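Peer 1: pasting the sequence and the predicted coordinates here, then a few questions.
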Amino acid sequence: MDLDEKIGQLFAVPARTGDIDTAIRHVRDNDVGGVIWFQSTAEETARVNETLQSIARTPLLISADLEAGLGMRFTDADWWLPAMALAATGDPSLAEEQGRVTAREALAIGVNHILAPVADVNCDPRNPVINTRSFGEDPDEVAQYVAAFVRGVQSEGALATAKHFPGHGDTHVDSHRALPVLDVTRERLQRVELVPFRAAVAEGVASVMVGHLAVPSLDSAAAPVRTEFENVYGTTREEVPSAGTMPATLSRPIIDVLRRELGFEGLVLTDAMDMGGLAAHFDAGEAAVRAIEAGNDMVLYSSDTDAAIAAVREAVRSGRLTEARIDESVARIMKAKREVTAVIPSVSEGPGGEGGAESGFVHHPRPQVPRSTLGMTDGNAHLTLDDIAARAITLVRDTNQLLPLRDQSIAIRVFSADDRLDVALEALSGACAIGEADVILLLLGIRPKSGVGQIVVPEEAKRIAQEHARKTIAVSFGSPYVVHDLGDVSTFICAWGPQPVMQRAAVRALRAEAPMTGRLPVTL
């Protein structure tokens with residue numbers, strides 16, 4: 001590789017339905033090292049991945065946020081359980097199973113780098129972006145599930161990613177919108193936030209994603225605020241902390257904790273660089289240079305990849321970055337790629353690989369899993385996706401013994417921003433008015449979503465729950481913490497997410513067709 005090719009390897013660019021040409025251009029012209037998928041279909045993704053790999057000079061790391069299975073990003077695949085639902089089962093082996101199946105299905109469509117699990121400990125009930133994406137609030141329990149998920153993913157030959165270092169769980173600001181501050185002591189970090197990351201490192205996790213988080217106890221350097229900025233989430237100037245410290249993504253002291261204290265030798269990558277937690281403080285070029293200076297190996301989703309690559313090239317030319325620093329990250333990237341591809345050493349490399357990290361890398365993609373496996377649950381006939389979901393349904397309280405639903409007259413109200421709860425709605429009958437009903441059933445699809453910035457229970461839902469508390473059953477297909485806004489509602493059930501499988505499981509539980517054996521991974 002020449003210098004330009006090496007620099008390209010340090011960048012991963014987005015791909016999504018309707019914007020494939022941009023990814024193709026960056027692979028062809030900028031020799032980028034990776035692609036990250038957003039909304040698409042599994043069928044299109046498989047086809048495009050084949051194209052991308054065929055034009056890449058060096059095999060690509062192809063990534064996707066698959067915390068809850070392929071269906072989280074690809075609309076024609078199964079959408080598996082959120083992390084907190086897995087923890088509600090009380091069985092870490094199910095997290096391992098989900099990791100294993102997720103990797104198997106991802107590899108079937110050419111995705112070899114899983115940007116999961118979330119290793120954040122969700123300590124803050126106000127957290128609008130982690131919430132049910134976390135396995136819970138107990139560091140040791142979260143560590144067990146994180147390690148299990150990593151084990152499952154990597155047992156199939158894909159790469160797992162622990163995120164968002166050093167921990168995004170005790171924040172009530174969404175880093176997509178602005179820079180959160182994790183204002184805790186070093187001792188507290190060791191006791192809480194770092195515990196799951198240590199477990200992931202001990203399990204051999206291939207990569208760690210660093211979050212856009214200010215952690216003053218680790219790095220007190222001030223973060224500047226740009227005079228003008230914009231980001232896709234619509235961050236306003238009022239949201240930007242005027243006295244924030246350096247984001248972990250751009251902090252050498254914070255990444256040194258990962259490298260030196262936790263002993264992590266794998267791939268370090270940034271969170272998406274277009275997010276408000278970073279974009280409000282640095283432009284694309286300066287952010288990329290600082291990220292590499294801080295010790296990141298890959299820059300994920302720059303808001304302007306061309307400008308970022310140009311800035312890194314200029315930083316090497318001026319001496320701000322050394323080519324040796326670039327080579328250090330390229331070596332780690334190539335090592336990760338070798339774990340998901342078959343390679344043949346070239347003559348120049350020699351038996352000991354003396355030709356350098358990049359030399360002799362021949363593109364022989366890992367054989368793909370047959371696509372007929374897509375959508376399967378697992379080879380274990382005794383365990384299905386529906387079985388796992390059933391174990392996660394959690395009864396928090398049933399004060400007036402409104403369960404199970406049998407012959408009562410039911411009034412159903414659905415409160416959901418954009419998640420369809422049709423599976424549950426169609427399975428349950430209920431057309432009478434609230435005042436005439438024996439039971440009021442509130443279906444709440446209120447969950448963490450990137451960039452929204454808050455989780456809010458609609459006023460009408462609050463009013464119904466409070467005025468008709470004695471005869472109301474509330475089912476949360478999202479955040480468990482919404483119970484705090486429902487007063488003394490008689491019955492509250494956690495179904496954890498809007499996935500169709502969770503809706504089916506909730507309906508069965510309401511009708512006593514399956515026991516509610518889930519337990520709370522957080523304190524309510």
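Peer 2: Thanks, I have the structure now.
Peer 1: low-confidence ranges, this structure, go.
Peer 2: 342-383 (pLDDT under 70).
Peer 1: would you map out the domains in it?
Peer 2: 3-373, 393-510 (automatic domain parsing).
Peer 1: any chance of these in CSV, with mean neighbour count and distance to Asp387 too?
Peer 2: The C-beta positions use only the backbone N, C-alpha and C, and glycine is treated the same way. Shown next, in CSV, are the domains of the chain (neighbours: other CB atoms under 10 Å; distance: least, CB to CB, whole Å):
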stretch, mean neighbour count, distance to Asp387
domain 3-373, 21, 9
domain 393-510, 19, 9
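Peer 1: so can I have TSV of those domains showing distance to Arg519?
Peer 2: Shown next, in TSV, are these (distance: least, CB to CB, whole Å):
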stretch	distance to Arg519
domain 3-373	6
domain 393-510	6
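Peer 1: can you say which of these is nearest to Val522?
Peer 2: Nearest to Val522 among the domains of the chain is domain 3-373 (4.7 Å), distances taken as CB to CB.
Peer 1: helices of the stretch 101-250 of the chain, start to end?
Peer 2: 139-155, 186-191, 194-202 (DSSP state H, counting those that start in this stretch).
Peer 1: so can I have a markdown table of those helices showing distance to Leu86?
Peer 2: As requested, these are arranged in a markdown table below (distance: least, CB to CB, whole Å):
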| stretch | distance to Leu86 |
| --- | --- |
| helix 139-155 | 6 |
| helix 186-191 | 24 |
| helix 194-202 | 14 |
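Peer 1: go through those and name the closest to Arg226.
Peer 2: Across these, closest to Arg226 is helix 186-191 (CB to CB), at 28.4 Å.
Peer 1: how far off centre is the closest one?
Peer 2: Distance of helix 186-191 from the chain centroid (CA atoms, centre = their mean, to the nearest Å) equals 23 Å.
Peer 1: state the distance from the spatially closest residue to Asp283 that is not a sequence neighbour to Arg260.
Peer 2: In this structure, Asp283 finds its nearest non-sequential neighbour in Arg226, 7.1 Å apart by CB to CB, 6 or more residues apart in numbering. Distance of Arg226 to Arg260, given as CB to CB, to the nearest Å: 31 Å.
Peer 1: equivalent analysis for Ala15, please.
Peer 2: Taken as CB to CB, the span from Ala15 to Arg260 is 35 Å.
Peer 1: helix/strand/coil for Val35?
Peer 2: strand (DSSP: H, G, I helix; E, B strand; the rest coil).
Peer 1: where do the strands sit along the stretch 251-400 of the chain?
Peer 2: Listed in chain order, the strands of the stretch 251-400 of the chain (DSSP state E, counting those that start in this stretch) span 267-270, 299-300, 341-342, 364-365, 394-398.
Peer 1: okay if I get those as JSON lines plus distance to Arg332?
Peer 2: Shown next, in JSON lines, are these (distance: least, CB to CB, whole Å):
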{"stretch": "strand 267-270", "distance to Arg332": "5"}
{"stretch": "strand 299-300", "distance to Arg332": "13"}
{"stretch": "strand 341-342", "distance to Arg332": "15"}
{"stretch": "strand 364-365", "distance to Arg332": "20"}
{"stretch": "strand 394-398", "distance to Arg332": "41"}
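Peer 1: mind checking these for the one nearest to Pro241?
Peer 2: Comparing the strands of the stretch 251-400 of the chain under CB to CB, the one sitting nearest is strand 267-270, at 19.4 Å.
Peer 1: report all helices and strands that that closest one contacts.
Peer 2: If you count contacts as 3 or more CB pairs under 8 Å, 6 or more residues apart in numbering; DSSP states H and E, strand 267-270 packs onto strand 207-210, strand 299-300, helix 323-340.
Peer 1: what lies in contact with that strand?
Peer 2: Residues outside strand 267-270 that contact it (CB atoms under 8 Å, 6 or more residues apart in numbering): 12, 159, 161, 206-210, 249, 255, 258-259, 291, 295-300, 332-333, 335-336.
Peer 1: ok, now with 6 Å
Peer 2: The contact list for strand 267-270, computed with CB atoms under 6 Å, 6 or more residues apart in numbering, reads 207-210, 249, 291, 296-300, 332, 336.
Peer 1: that concludes my questions; thank you for your assistance.
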